[in-house]
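>>> My questions concern the predicted model and sequence given below.
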Amino acid sequence: MSRPKVTIDGNEAVAYVAHQINDVIAIYPITPSSAMGEWADQWSAEGRTNIWDSVPLVVEMQSEGGAAGAVHGALQTGSLTTTFTASQGLLLMIPNMYKIAGELTSTAFHVASRSVAAQALSIFGDHSDVMATRATGFALLASNSVQEAMDFTLIAQAATLESRVPFLHFFDGFRTSHEVMKIELLTTEDARAMIDDELVRAHRGRALSPDRPFVRGTAQNPDVFFQARETVNPYYLACPTIVQNAMDTFARLVGRQYHLFDYVGAPDADRVVVLMGSGAEAAQEVVEHLTAQGEKVGVLKVRLYRPFSVEACVAALPPTVKIIAALDRTKEPGSTGEPLYLDVVAAVSEAMASGEAPFRALPRVIGGRYGLSSKEFSPAMIKGVFDEMAKAKPKNHFTTGIHDDVTHTSVDYDPTFFTEEPDTVRALFYGLGADGTVGANKNSIKIIGEETDNHAQGYFVFDSKKAGSVTISHLRFGPKPIRSTYLIDRASFVACHQFSFLDRFDVLKAAEPGATFLLNSPYRPEEVWNHLPRTVQEKIIGKKLRFFVIDAYAVARETDMGGRINTIMQPCFFALSGVLPRDEAIAAIKRAIKDTYAKRGDAVVQKNIAAVDSALDHLHEVQVPSQATSAFDVRPPAPPEAPEFVRKVTAPMLAREGDTLPVSALPADGTYPSGTTQWEKSNLALEIPVWDADLCIQCGKCVLVCPHSVIRAKVYDPKLLTNAPASFKSSPARWREFGDLHYSLQVAPEDCTGCTLCVEVCPVKNKTEVRLKAINMMPQPPIRDEESRNWDFFLELPEMDRGALSLSVVKDTQLLQPLFEFSGACAGCGETPYIKLMTQLFGDRALVANATGCSSIFGGNLPTTPWTFNGDGRGPAWSNSLFEDNAEFGLGMRLALDKQTEYAHELLTRLSASIGDELVRGLLNANQATEAGIKQQRERVKLLKERLGGLNTPEARNLLSLADGLVKRTVWIVGGDGWAYDIGYGGLDHVLASGRNVNVLVLDTEVYSNTGGQASKATPRGAVAKFAAAGKPMPKKDLAMMAMTYGNIYVARVAMGGNDTQTVKAFLEAEAYEGPSLIVSYCHCIAHGYDMAHGLEQQKAAVLSGYWPLFRYNPDLVKEGKNPLQLDSKAPTLPLKDYVYNETRYTILARSKPEQARWLLEQAEEDVRTRWRLYEHWAAMQVDGTTKEDRND
Amino acid sequence: MTDLSTSYLGLILKNPLVASASPLCEDVGNIRKMEDAGAAAVVLNSLFEEQITLESHDLDRHLTHGTESFAEALTYFPDMTDYNLGPDGYLDHLRRAKAAVDIPIIGSLNGISSGGWIRYAKKIEQAGADALELNVYFIPTDSKMTGAEVEQMYVDLARDVRASVSIPVAVKLGHAFSAIANLARRLDEARADALVLFNRFYQPDFDLDSLEVVPHLTLSSSYELLLRMHWVAILYGHIGADLAVTGGVHTGQDVLKSMMAGARVAMMTSALLKYGIHHLATVRTELVAWMEQHEYESIRQMQGSMSYRSVAEPAAFERANYMRVLRSYAPKMPGH
């Protein structure tokens, strides 16, 4: 039977089968598994059926814990049920997994395995999550490639139905989940043939039913629990055979034969590596290469890791083996070895002890770690392991792929070792995020995979920035199967789609001699050479590269493609690679364009086709000179004045050389210095804002809204301008109380992302040319150096005395130094302005607990982090614990501070005589409600420390260690709506109810932005989001109102674009309130689908339409006999549709399901009316609960 | 019994009252009301190619923006099966309008590309329109473009569209041409079946508070009818294409004047927006009353009766007219 060939990634491959063989699917987003849930949700929304001709029911839960609970319930009620997850998500499922396994319930979970956060979070792949589930009783089945991931999804389901042991099928996050491969598609008939309906009915027959009631889930006592726990043994003993049988059936059906352990290599090998996951494919490539040269090596691929079949494991090993290296993609600190190693040791030992081992002599077993967090695992590293094994005294518990200069675990390897097939084409593409490079390459792989007999593979590497990221596409294709599950380090084709990359990092590092180099160049072929950094010139000459240029941006402009150069660069790749005849390639690209874009409209198709047609006319070969001529070179990643840590540790990461950092370079406990983004000059913006000092009214709105803190304002003594650069601008300050001081607004030219929010918010227009405002976008390159000098001068100007400012006035707050700057957030981000405002107001005494999500990623992702400090060295102390526990994490901070303050107060009282009664009284009774009061307390603490220094008693030393805490500290619990409304809501509710003085800032983007826009309970009715492809049918949860019902929580709902003064007031009041505070802030977001330059206008529209009423609920007002609820916005004046239909999240529903959209809009309009009436009524009540109307009665 | 029937674009209409293209026609319920109030035909709101193109580009841009840039969020929206973009919504509306009423439905098209005009014209024909009106809105802002080039563009467009569809085609013109009569003749030669005189355009206005340019459209008044009447009267009998008046038709008298000038139909929008769709019935009643009072038997009888070639003093339509008007405003001298 012939099966179609498709070119898809691992997530789609798994979801494709899982959706066919389940009834219920409970999902929750987590990288890198989210796409499986998205596919399932989308297919069900489209009405795609499973093999029983019914559409699976897909439900999004509030957390992975919730998903596991729902899965458990659905399974107990007899439905075939699955879920998809990874990492922390899998950990949250563990309690249910014990239950599901303990009750012998058939299910197969699918896991894109990912690192579990330890010293840091990592979204990348390793087996630490799966290894944490070993004791649950789930069978663990590993697939190593996209094809295997699809195959094992089916095999796992077949095996779980027969064995009743639940299965966790896993594959490597990113390396397999995101790798695009040409594979054979399993058919519905395959699924029907593999899934025995009798077993499905048996599963249903075990379900809870009031028609045949029983009890499952009892509590047991010491008398029987143990015995009952042993009852499952026969099932686990039978399981390996059942799996092998399923594999055999699958082989008969499909032709691909798998075994519990698959051995590849010399039959008489003496060195064998054992591993599972994608690394096993690279290992096979190495083994085949070495055995061809006569080496006696082999690789044992573990398929079924739990239940671990000692018999099958040992039988699969060659009897000649002398040494086995068990390679674990996980770390278990403190253990005698990682899990797979221990299993192999036990297997070999047990087999030898029982006399059943086939080995001629007891093989030695060593263990090693590799590939944590998707660390590269290359043939050279694998060869290094084989070389180590050949030594007389090989290292045990070794590592490979890193340089461990601390405990010296790493084994050496020869990086030049190379195993790839000579006739496999290897191509590397460097693109700018969102320029279409990745999409085009996925498309090219699809074309090559489906239009030729070639095997094809695509893998895509992204960096940690949301704005201006670099993407690297690794494409392989050729006549032989591709097992190269590692990055390309010798490329026959290198394309650089962004000219500015050339002086940032070495794009030609991987180019092999004679390779083709394609550059998107704004310079013509005859002039480009002298614009290349010297190193690039030398590499082109030294490696004898063929060098081509195309001005893709010019073609994009001509063809109305904007910044998307995908369909321009793609034909060039095909033309230069020659994989297909040129005409066929062009025709295939056009077909793909039609397939991809037809539903977006003919105009889009035509535009892309025009771009394809224009492309090759602009492709030119450059005659390479024989000499390098440039006097300039690749820029150093960090300037010499940067701190040592930045120069030695951060800079290599910035230069994409982080892999070379040794263990000793990195902190042992995950602690990193603050304020490092200032050393990373991204130079993203083609245009930056330039200040018109004469026109500016100094309102500070542009400073307030700048998401990246690149616009700053200062007021200072004009005498300080003596040494100012010639072009530094200044004008008299428009503050009556500041007398003759001057004002400057300055832009950081190399940190700006060019989002233009500042220009949009500027309220002033030029009187002779109204298109101009007091801040205007100008091309960056011509003014970069000059403005950089101005920026440096600006930074040297003194900061304002905080006590001299009126902090309830927006323009005053914008003279405060932001302590959150140059983050990697999206250009135009709607979250960062609120975070920045918080740091301006309170950052020098703030502790921040940050939920996982966008804000923790742009706030804490290496290489550089944006939380910074002021000239006194003070700044926000920031940490991220998890996604779900952030409120509790922040409460813990508060509890510690409160306890420490209490103890410090006790010590002060006890030591009063020694310290001085007056100072102690001052410290204990300090009024720190104002900046001036805080300043005075800091001075008292300074004096206290001096006095304590002279008291050498244990109590004095204790007080010294706590003294800084006598200055008021503020705790901010920051996170997105996914945390606050969903996964962390239980904790948030508890923390708010605790009465403790914490401030919660919810950055409400109304979706899980960080994982790509999945619906949360904050998603509004009628908006389309992932997991709500048919438009969210339910209304948004009113988190603020729920919190208000407690009565003793300060609550505010703010939207900076709706009313910035109200926003500032809310922050000040929340912080001042001696109890829990909650600020729910409207954050426009890239996931809303409109130009974020208009974010503030859209916020205003949200307020005017009544969708986002502004208010503050201050329980302190009750003491004054006032209603705590103050409405800060007026009754709706703008039709809701005039707000919502500016955003793609709403319009795509109107376009795809107009009737549904109309119906949901009507419902949403009613939501607005109802809620407004409620708020209005509440705000009109007297403190005694009566209304004006009541009193009139 | 007064015969109100007329023919326009080869269609026999029960009277000369036609609802012209306007936002009112976006609702099938309104179209039904128009028929009930006496409209003899309805010109649908326009299908704007530019709008379709813009929406298509916008959707593409927003669905693509920021994608494949960050490993955790490779996209931000689910991939919907279909987006109902392009002319589909318009064509569905046309089909529903056709099904809802018995009177002819005339499609209206505003294109921007030569390919687009023809492509969408065919689609409108296929969707069942009885005729097609080309709503040409072109502002020649390019200072290098000559009047002759602009006119040629109109002529080419009319010829190409006419050749590509078999339903009758009307061309709706603005009045800003230096040689309207010549242009009309050339459009006639290009086989335009009717000319609709004249389009009224949005005019940019300034918002002095926000210092922004804002689009502006005031409703027409009967005064604006005069320009249309004037040109219909001049063209009547000189070209084979039907003539239609649009702009300034508010009353039965306005309709009568249009007919007498030589129009086959009088189209209304502003009056309907101002007084409601039922105003059509009022106009029809006025029309009948006047005809009965003045003993006219039919509309056809009066069509062109006061055209350039039918009046006693054709010069009244020419320069002399202007001079006489000026004279009539001259202050009367004492003693005269």
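In hand now; what should we look at?
>>> What is the burial count for B:Met153?
Per other C-beta atoms under 10 Å in any protein chain shown, the neighbour tally for B:Met153 reads 15. The way it works is simple: take the backbone N, C-alpha and C, and place the C-beta from them, glycine included.
>>> In space, what's closest to it - neighbours in sequence excluded?
Leaving aside its sequence neighbours, B:Met153 sits nearest to B:Phe138 (C-beta to C-beta, 6 or more residues apart in numbering or on different chains; 7.2 Å).
>>> quick check: longest helix of chain A.
If you go by DSSP state H, chain A has its longest helix at helix A:1154-1180.
>>> Show me which residues of the stretch 151-300 of chain B sit near chain A.
Within the stretch 151-300 of chain B, the positions lying close to chain A (C-beta under 8 Å from any C-beta of the partner chain) are B:211-212.
>>> In the stretch 151-300 of chain B, what residue lies closest to chain A?
Evaluated by C-beta to the nearest C-beta, the stretch 151-300 of chain B has B:Leu211 as its residue closest to chain A, separated by 4.4 Å.
>>> what residues are up against that residue?
Each residue near B:Leu211 by C-beta atoms under 8 Å, 6 or more residues apart in numbering or on different chains is listed here: A:765, A:770.
>>> Need the pLDDT of A:Leu943.
Note for A:Leu943: predicted pLDDT of 97.
>>> show me the contacts for it.
For A:Leu943, the contact set (C-beta under 8 Å, 6+ apart) comprises A:Leu919.
>>> where's it, which helix or strand?
Per DSSP states H and E: A:Leu943 is located in helix A:931-949.
>>> Would you mark the buried spots in that helix?
A:931, A:934, A:936-938, A:940-941, A:944, A:947-948 (16 or more other C-beta atoms under 10 Å in any protein chain shown).
>>> again, but for stretch A:239-246
For stretch A:239-246, a neighbour-count test (16+ other C-beta under 10 Å) marks A:239-244, A:246 as buried.
>>> swap in stretch B:232-252?
By neighbour count with 16+ other C-beta under 10 Å, stretch B:232-252 contains the buried residues B:232-236, B:239, B:241-252.
>>> next one: stretch A:350-370
Using 16+ other C-beta under 10 Å as the test for burial, stretch A:350-370 gives A:351, A:357, A:359, A:363, A:365-370.
>>> A:Ile324 reaches A:Asp270, doesn't it?
No. Using C-beta atoms under 8 Å, A:Ile324 is not in contact with A:Asp270, being 10.0 Å away.
>>> More neighbours: the two, which one.
For A:Ile324 and A:Asp270, the more surrounded residue by other C-beta under 10 Å is A:Ile324, and the numbers stand at 25 against 18.
>>> Show which residues not belonging to the host helix or strand of that one make contact with it.
Secondary structure assignment for A:Ile324, by DSSP H and E: strand A:323-328. With contact meaning C-beta under 8 Å, 6+ apart, strand A:323-328 is reached by A:127, A:131, A:270-275, A:279, A:283, A:300, A:317, A:337-341, A:343-345, A:348, A:363-370, A:385, A:388-389, A:394, A:400.
>>> from those, which would you call buried?
By neighbour count, with 16+ other C-beta under 10 Å, these hold A:127, A:131, A:270-275, A:279, A:283, A:300, A:317, A:337-341, A:343-345, A:348, A:363, A:365-370, A:385, A:388-389, A:394, A:400 as buried.
>>> just checking: which of these also lie near chain B?
Near chain B, taking C-beta under 8 Å from any C-beta as the test, no member of the buried ones among the contacts of strand A:323-328 is found.
>>> Please flag which of these sit within strands.
When DSSP state E is applied, the buried ones among the contacts of strand A:323-328 are split such that A:271-275, A:300, A:365-369 fall in strands.
>>> could these go into TSV alongside distance to A:Leu992 and pLDDT?
As requested, those are exported to TSV (distance: C-beta to C-beta, whole Å; pLDDT from 0 to 100):
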residue	distance to A:Leu992	pLDDT
A:Arg271	60	98
A:Val272	57	98
A:Val273	53	98
A:Val274	51	98
A:Leu275	48	98
A:Leu300	54	98
A:Val365	53	98
A:Ile366	53	98
A:Gly367	47	98
A:Gly368	48	98
A:Arg369	42	98
